[in-house]
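# got a predicted structure here, sequence first:
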Amino acid sequence: MNDEIKVWKTQSVKHKVAALLIMDGVSFRYTEEDGIVFTAPESYVERMKERLVNCYGCSLKPIIMEY
């Protein structure tokens, strides 16, 4: 599988997204304007959204967009 690494950003449930990124060992940065910005393959981001809903109590899938 050729899953290209892309840059992502989110303003959704920042505290839960940051905690999950830290647990997974993914480095990220935070700015007020962009929110959390990190690099990862698209497959990781899709799994991350599912994990946040199913395991970490998000009522809706967070909005994570390509930067």
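Arrived safely, thanks for sending. Numbering: from 1, shown residues only.
# check contacts around Leu60.
Val53 (Cβ atoms under 8 Å, 6 or more residues apart in numbering). From N, CA and C alone the C-beta is placed, and that goes for glycine too.
# ok so it is a helix residue?
No. Looking at Leu60 with DSSP: H, G, I helix; E, B strand; the rest coil, it is coil, so not inside a helix.
# against Glu66, how distant is it?
19 Å (Cβ to Cβ, to the nearest Å).
# by contact count, what packs against the longest helix along the chain?
For the chain, the longest helix by residue count, based on DSSP state H, is helix 42-54. Here helix 42-54 touches helix 14-24, strand 64-66, going by 3 or more Cβ pairs under 8 Å, 6 or more residues apart in numbering; DSSP states H and E.
# could I get those as CSV with distance to Glu46?
Converted to CSV, the helices and strands packed on helix 42-54 look like this (distance: least, Cβ to Cβ, whole Å):
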stretch, distance to Glu46
helix 14-24, 13
strand 64-66, 9
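# could those be laid out in a markdown table, adding distance to Phe38 and mean pLDDT?
Formatted as a markdown table, those follow (distance: least, Cβ to Cβ, whole Å; pLDDT from 0 to 100):
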| stretch | distance to Phe38 | mean pLDDT |
| --- | --- | --- |
| helix 14-24 | 6 | 96 |
| strand 64-66 | 9 | 96 |
